[in-house]
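Enquirer: Give me the fold of what follows.
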Amino acid sequence: MSDQEKTQGTAPPEPEEERHEPSEDDDGSRMPFLSHLEELRSCLVRSAIAVGVCFLGTYIFKEELYQGLAQPLKAAMPAGAKLIYTAPAEAFFTYLKIALLAAIVVACPVIFHQFWRFIAPGLYDHERKAVWPFVLVSSVLFIVGAVFCYTMVFPYAFQFFMSFATDDIVPMLSLKSYLSFSATLLFAFGVIFEMPLVLVFLGRIGVVSSKGLKKNRKYAILIMFVAGALFTPPDVVTQVMMAVPLIILYEISIWMVVATEKKKAERRAAEEEEFTDSDPKE
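Expert: As a prediction, this is how the structure comes out:
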């Protein structure tokens, strides 16, 4: 907005935003850098304690967690085939990793809360109000992505891989390799399901537009296949099974960005109309 517009009153006044300032010391100065580091350390310690407490509970159910994680593979394996471990401590550490991953998932609300406590003092009021919905939606999308991978991708992928077994070629999968494979896929699908939320956020702040997303669709599809190669084990099947949902999510994201742009345009038009109605006649 130009100074002339502000002087003549031809443009709507810019809303004032109050920043929630960081806490101050007795001398009136802002929280020093070391205090920020101390607050960060406290948040990390609380998060670690929450994960540790949850780990004590999840380790009790380590066998049930393992059976649930391995079920899609067991259903696809030939009769009599079993998972093995090839090192003395491999089974023990596999159970530890499964329990730890489950503990992190259970402790996510506490981790998010600590993250919020650390960043909240430096946010504007409207940004602080938007954080909790963002955290909630992102958590739901991550879980949906992981569930989609477990229920839709795992069965078909393992059926395909096990179809190469013959009388002479017998699958002998280790606990360590399966945990690494499954955890990588679950995490990767959880992350890629965040795409609509990320693109909508970028659209709201003006970094991307629906027109630009449509124009660069072919490049985006290429990037998705590259991402499928980077974030999944090195085989074509899982790469394609990741790239296809990415393409679908990209199209959904375009539609959501279009809806966001329409809302922004309507809100801007309403603000201009309100300013015009409230502007005194000369």
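
Enquirer: okay, Ala99: pLDDT?
Expert: Ala99 is assigned a predicted lDDT (pLDDT) of 94.

Enquirer: likewise Ala270?
Expert: Predicted confidence (pLDDT) for Ala270: 76.

Enquirer: do you know how far it is from Asp125?
Expert: 21 Å (CB to CB, to the nearest Å). Heads up, the C-betas are built off the backbone N, CA and C, glycines and all.

Enquirer: now do Val53
Expert: For Val53, the distance to Asp125 - CB to CB - is 34 Å.

Enquirer: for Ile192, same thing?
Expert: With CB to CB as the criterion, Ile192 and Asp125 are 32 Å apart.

Enquirer: ok, now Val137?
Expert: Using CB to CB, we find Val137 at a distance of 20 Å from Asp125.

Enquirer: Looking at the two, which one has more neighbours?
Expert: Val137 (14 against 11; other CB atoms under 10 Å).

Enquirer: what sits against the more buried one?
Expert: With contacts defined as CB atoms under 8 Å, 6 or more residues apart in numbering, Val137 is in contact with Leu197.

Enquirer: mind checking which helix or strand it is in?
Expert: helix 125-148 (DSSP states H and E).

Enquirer: where along the stretch 1-150 of the chain do the helices fall?
Expert: 3-8, 33-60, 62-76, 90-106, 108-119, 125-148 (DSSP state H, counting those that start in this stretch).

Enquirer: Any idea which of the ones you listed gets closest to Leu173?
Expert: helix 62-76 (7.3 Å; CB to CB).

Enquirer: roughly how far out does the closest one sit from the chain middle?
Expert: Chain-centre distance of helix 62-76: 25 Å, with CA atoms, centre = their mean, to the nearest Å.

Enquirer: What helices and strands are in contact with that helix?
Expert: helix 90-106, helix 154-162, helix 175-192 (3 or more CB pairs under 8 Å, 6 or more residues apart in numbering; DSSP states H and E).

Enquirer: Report the angle between the first one and helix 175-192.
Expert: Relative orientation of helix 90-106 versus helix 175-192 (axes from the mean of the first three to the mean of the last three CA atoms, to 10 degrees): 20 degrees.

Enquirer: Can you show me the CA trace of helix 90-106 as PDB?
Expert: Provided in PDB are the C-alpha atoms of helix 90-106 (Å, rounded to 0.1, in the frame of the first residue of the first chain):
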ATOM      1  CA  GLU A  90      19.000 -59.600  16.400                       C
ATOM      2  CA  ALA A  91      15.600 -60.700  17.800                       C
ATOM      3  CA  PHE A  92      16.200 -58.800  21.000                       C
ATOM      4  CA  PHE A  93      17.100 -55.500  19.300                       C
ATOM      5  CA  THR A  94      14.200 -56.000  16.800                       C
ATOM      6  CA  TYR A  95      11.700 -56.200  19.600                       C
ATOM      7  CA  LEU A  96      13.400 -53.100  21.200                       C
ATOM      8  CA  LYS A  97      13.100 -51.100  17.900                       C
ATOM      9  CA  ILE A  98       9.400 -52.100  17.500                       C
ATOM     10  CA  ALA A  99       8.600 -51.100  21.000                       C
ATOM     11  CA  LEU A 100      10.500 -47.800  20.600                       C
ATOM     12  CA  LEU A 101       8.700 -46.900  17.400                       C
ATOM     13  CA  ALA A 102       5.300 -47.600  19.000                       C
ATOM     14  CA  ALA A 103       6.300 -45.500  22.000                       C
ATOM     15  CA  ILE A 104       7.200 -42.600  19.800                       C
ATOM     16  CA  VAL A 105       3.800 -42.800  18.200                       C
ATOM     17  CA  VAL A 106       2.000 -43.000  21.500                       C
END
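
Enquirer: Does anything pack onto it? Which helices or strands?
Expert: Helix 90-106 packs on helix 33-60, helix 62-76, helix 175-192, going by 3+ CB pairs under 8 Å, 6+ apart.

Enquirer: can you tell me which of those helices comes nearest to Leu83?
Expert: Among the helices and strands packed on helix 90-106, helix 175-192 sits nearest to Leu83 (CB to CB), with 5.5 Å.

Enquirer: Sounds good, over and out.
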